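> Pasting the sequence and the predicted model now:
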Amino acid sequence: MLVVSTCFSQNALKDSMYKRIAIEKNDTEKVRLYIQLGNWLRETDTTESQKCQKAVEAIAVENSNDYFRGQAYLLAGTNNLNKQPLVAIDNYEKALKLFAKYPDDLRSAVSMGTIYINLGLVHNNYADYNSAVDYYLKAEEIYLKHNPRSPDVGVIYSNISITYGTINKHTDALLNSKKGLDFAHRGKDKVYLMNAYYAYGGNLINANLDSSGLVYLDSAKMLATELNNLYYIYSADLMKGLYFFKSKQYEKAKSFYKLCLDFAVKYQSTPDMGNSYLNMAACFIGQKNSQQAAAYLDSAGKYIDLSNPSITKQEYFDNYAKLYSQQGNHVMALAFKDSAALVKDAVYQTDNIKQTEFKRARYNYEAKQKEVEQLEQEKKLQELTLKERRNTVILLVTAMLAIIITSLLAYRNYRQKQKLQQQRINELETEKQLAATEAVLKGEEQERTRLAKDLHDGLGGMLSGIKYSLNIMKGNLIMTPDNAQAFERSMDMLDSSIKEMRRVAHNMMPEALVKFGLDTALKDFCNDINQSSALKVNYQSIGLEDAELDQTTAITIYRIIQELLNNVMKHATAKNVIVQVSKTDNVLSVEVEDDGKGFETTILHQSKGIGWTNIQSRIEFLKGKLDVQSGPGKGTSVHIELNA
């Protein structure tokens, strides 16, 4: 009932807005209403939001109004902010050029401030933190000059603080979070005040100042409790635990970390459970209580994602290194220390790669855009030339029949050329979008391959060497039964680490795919699932044994099927699944059908999950077709056709 009521109210409000627009006579007010409606719909109904954008463009053209055109570009940029950031940036930059024509207009200034905030968010997401801060500062300058009481001022300070904190510039983060808190005190918004208290308190602690940060964290938790905001209730206790841990007051730190652990268990938040166990282990290591530290580290390992490089994974290995060092096991301590260093390097390289790929994709996009603009200019020039020729023909039509015939032929040739150029423009637009997608997919697979090789050849060799050395040492040492048991447990942990490392490396880039092709890789993947007993997979292939597929296509198809089977295991509650891959002539077909609980396919149009988005992006990259058939209790069938 709640969902139906909400949808009804949204549709009623949308219909009401369209009625207001229909009877509105003033174009400026019409544009304002279209922008308001477009911003409101962009998260729930992208198609309707784009209609609002087109309507503003039409009004701008009709009135030859650059301000209206700027608003259309602004809405287009915001509509593409999450899905196509390069397109968003292009539209934002066009809007900025138009708004700059009205330097003293409040509406244009506020619009420019909004654009700078969004540009900061895009660059922050792609690890270009310096550019992000520059854009936020431009937005701050505009708002302080034209609209200093706007809530967006607080958003700017919060974003700057978060970005500086990410790159460990804690003094700058503290300064901006203090500005945000002062701004929040001037308003009556409890949610923003809670956020500002937490940000300032946390930055005081991260900047290694005195205990005054605890007071602000208490205020944040008090407001969070009043507002029933679970995130800030948990986060305030976490930051207080961090303060006492950094000041080596381990008992107090444990009391707050225990609150966080209980909170995470209550709400079954797996990442927070892993972090809480890890924080408790760090406190026991600080107290030199190796037995308790080992127990909490073992528990942390059950909830921490060790398959991908992260700060949490690095801290997990660091704590094991400290634990083994306290126990006098310097070989294991050194091994875990080296593992932590490898993870740290991987995290740093991931950020660099992310930033580099973003810059490369933007460069390619801008190059294509310049080519499109050049063709547009040539088209306009040719249209002007055509107009002059038409005038000449009119003046000389009574003079020479031959000139008329020649002019008509020239006109026909020109029209043909114009059509070809328009077709080329459309092709370039398509190539531009595909180039951006290809850059991201290739960058992802290259990074998977590199990390898989580093894990298998580097860390795998190191771990195997350690195991060999320990086996030699075992034969030359006389150990008590307890030490022998501990030694065997360490060897078991080392074996588990080697297996886990090989599993992660295999998932990132299966050797069978590179060496033996797509068919063998898919058979191995389906057999692995069957052996795990998680799902019974019946794999069938037709005409794929001798098929020649380029590596990019093979990897993309493998990732699509891998993601589809992962979705079945996670969501379908299925017992059996059929995977069929067939190749006839130049068409490659993929069919994945399960006997699970099924779902309403309409939810796919609103899905924002990373897995489903990756499947769609890869199919679009290969210029394929996707058809999903499902229903509650009817299982799910996914059919894909690709040109290969």
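Looks like it arrived, so ask away. Numbers count the residues shown, from 1 in each chain.
> could you pull out the strands for the stretch 401-550 of the chain?
Using DSSP state E, counting those that start in this stretch, the strands of the stretch 401-550 of the chain run over 536-542.
> Okay, now the unreliable bits of the stretch 451-600 of the chain?
Low-confidence segments of the stretch 451-600 of the chain, defined by pLDDT under 70, span residues 451-477, 494, 496, 498-512.
> ditto for the stretch 201-350 of the chain
Residues of the stretch 201-350 of the chain that meet the cut-off, pLDDT under 70, sit at 209, 350.
> Check which helix or strand V581 maps to.
Using DSSP states H and E, V581 sits in strand 576-584.
> Quickly run through the sheet partners of that strand, with directions.
Each strand that pairs with strand 576-584, with its direction, by DSSP bridges: strand 536-542 (parallel), strand 587-594 (antiparallel).
> Check which residues of the last one are buried.
Within strand 587-594, the residues that count as buried by 16 or more other Cβ atoms under 10 Å are L588, S589, V590, E591, V592, E593, D594. For every residue, glycine as well, the C-beta is placed using N, CA and C.
> So the first one sits against V581, correct?
By that I understand L588. Yes. Counting by Cβ atoms under 8 Å, L588 touches V581, with 7.3 Å between them.
> okay, and the common contacts of those two?
Counting by Cβ atoms under 8 Å, 6 or more residues apart in numbering, the common neighbours of L588 and V581 are I557.
> re the thing from before, residues of the strand holding V581 that come out buried?
The neighbour-count check on strand 576-584 (16+ other Cβ under 10 Å) flags V577, V579, V581, K583 as buried.
> Residues touching the one helix or strand T28 maps to, excluding its own?
Using DSSP H and E, T28 maps to helix 27-41. By Cβ under 8 Å, 6+ apart, the residues outside helix 27-41 that reach it are 14, 17-18, 20-21, 24, 48-49, 52-53, 55-56, 59, 63, 65, 68, 71, 74-75, 78-79.
> quick one: which of those residues sit in helices?
Under the assignment DSSP state H, those contribute 14, 17-18, 20-21, 48-49, 52-53, 55-56, 59, 63, 68, 71, 74-75, 78-79 to helices.
> Narrow the residues you listed to those that are buried.
If we count by 16+ other Cβ under 10 Å, the ones in helices among the contacts of helix 27-41 have these buried: 14, 17, 21, 48-49, 52-53, 55-56, 59, 68, 71, 74-75, 78-79.
> now the buried residues of strand 587-594 in CSV, with distance to S108?
Output for these, formatted as CSV (distance: Cβ to Cβ, whole Å):
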residue, distance to S108
L588, 52
S589, 53
V590, 50
E591, 54
V592, 51
E593, 55
D594, 54
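> For K169, grab the count of nearby residues.
Using other Cβ atoms under 10 Å, K169 is surrounded by 17 other residues.
> for N483, same thing?
Using other Cβ under 10 Å, the number of residues around N483 comes to 11.
> change the start of the numbering to 26 and stick with it
Right, with 26 as the first residue, what we last looked at is N508.
> How much space separates it from G353?
The spacing between N508 and G353, counted by Cβ to Cβ, to the nearest Å, is 11 Å.
> SS state for K273?
Under DSSP: H, G, I helix; E, B strand; the rest coil, K273 falls in the coil class.
> so how many other residues sit close to it?
10.
> Now for it: which residues touch it?
K273 touches G311, counting by Cβ under 8 Å, 6+ apart.
> who are the neighbours in contact with the residue nearest to V593 when sequence neighbours are not counted?
Spatial nearest neighbour of V593, chain neighbours left out: D619 (4.9 Å); criterion: Cβ to Cβ, 6 or more residues apart in numbering. Residues in contact with D619 (Cβ under 8 Å, 6+ apart) are V593, A597, A599, N601, V602, I603, G660, T661.
> What segments of the stretch 226-375 of the chain are helices?
For the stretch 226-375 of the chain, applying DSSP state H, counting those that start in this stretch gives helices covering 237-252, 255-271, 275-291, 295-311, 315-328, 336-351, 355-421.
> can those go into a markdown table with extra columns for mean neighbour count and distance to V178?
As requested, the helices of the stretch 226-375 of the chain are arranged in a markdown table below (neighbours: other Cβ atoms under 10 Å; distance: least, Cβ to Cβ, whole Å):
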| stretch | mean neighbour count | distance to V178 |
| --- | --- | --- |
| helix 237-252 | 18 | 20 |
| helix 255-271 | 20 | 21 |
| helix 275-291 | 18 | 32 |
| helix 295-311 | 22 | 32 |
| helix 315-328 | 17 | 39 |
| helix 336-351 | 20 | 31 |
| helix 355-421 | 15 | 28 |
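> can you tell which of those helices is closest to I167?
helix 355-421 (23.7 Å; Cβ to Cβ).
> how about the nearest residue to V86, chain neighbours excluded?
Distances taken as Cβ to Cβ, 6+ apart put R94 closest to V86, at 8.0 Å, once the chain neighbours are dropped.
> Surely that neighbour touches Q78?
No. Assessed by Cβ under 8 Å, R94 is found out of contact with Q78, at 11.2 Å.
> returning to what we had before: so can I have CSV of the strands paired with strand 601-609 showing distance to K648?
Formatted as CSV, the strands paired with strand 601-609 follow (distance: least, Cβ to Cβ, whole Å):
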stretch, distance to K648
strand 561-567, 22
strand 612-619, 12
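> out of the ones you listed, nearest to N193?
Closest of those to N193 is strand 612-619, at 44.8 Å (criterion: Cβ to Cβ).
> Quick check: what element follows that closest one along the chain?
helix 635-646.
> Buried residues, that next one. List them.
Quick answer for helix 635-646 (16+ other Cβ under 10 Å): W637, N639, I640, R643, I644, F646.
> before we move on, which element is V663 in?
Per DSSP H and E, V663 falls inside strand 661-668.
> Work out the gap between that strand and the centre of the chain.
Averaging C-alpha positions (Cα atoms, centre = their mean, to the nearest Å) puts strand 661-668 25 Å from its chain's average.
> and that strand, what does it pack onto?
Strand 661-668 sits against helix 576-592, strand 612-619, strand 650-655, with contacts defined as 3 or more Cβ pairs under 8 Å, 6 or more residues apart in numbering; DSSP states H and E.
> Could you dump those into TSV with distance to F124 added?
Supplementary listing: the helices and strands packed on strand 661-668 in TSV, determined by distance: least, Cβ to Cβ, whole Å:
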stretch	distance to F124
helix 576-592	41
strand 612-619	47
strand 650-655	40
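> closest to A232 out of the ones you listed?
helix 576-592 (41.7 Å).
> just checking, what packs against that closest one?
Packing partners of helix 576-592 (3+ Cβ pairs under 8 Å, 6+ apart): helix 426-478, helix 536-541, helix 543-557, strand 601-609, strand 612-619, helix 635-646, strand 661-668.
> hang on, the earlier thing: buried residues in the helix holding T53?
Quick answer for helix 52-66 (16+ other Cβ under 10 Å): K55, V56, R57, L58, Y59, I60, L62, G63, N64, W65, L66.
> can I get those residues in JSON lines with pLDDT and distance to M357?
Formatted as JSON lines, those follow (pLDDT from 0 to 100; distance: Cβ to Cβ, whole Å):
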{"residue": "K55", "pLDDT": "87", "distance to M357": "71"}
{"residue": "V56", "pLDDT": "87", "distance to M357": "67"}
{"residue": "R57", "pLDDT": "85", "distance to M357": "66"}
{"residue": "L58", "pLDDT": "87", "distance to M357": "67"}
{"residue": "Y59", "pLDDT": "86", "distance to M357": "65"}
{"residue": "I60", "pLDDT": "85", "distance to M357": "61"}
{"residue": "L62", "pLDDT": "85", "distance to M357": "62"}
{"residue": "G63", "pLDDT": "83", "distance to M357": "59"}
{"residue": "N64", "pLDDT": "81", "distance to M357": "56"}
{"residue": "W65", "pLDDT": "82", "distance to M357": "57"}
{"residue": "L66", "pLDDT": "81", "distance to M357": "57"}
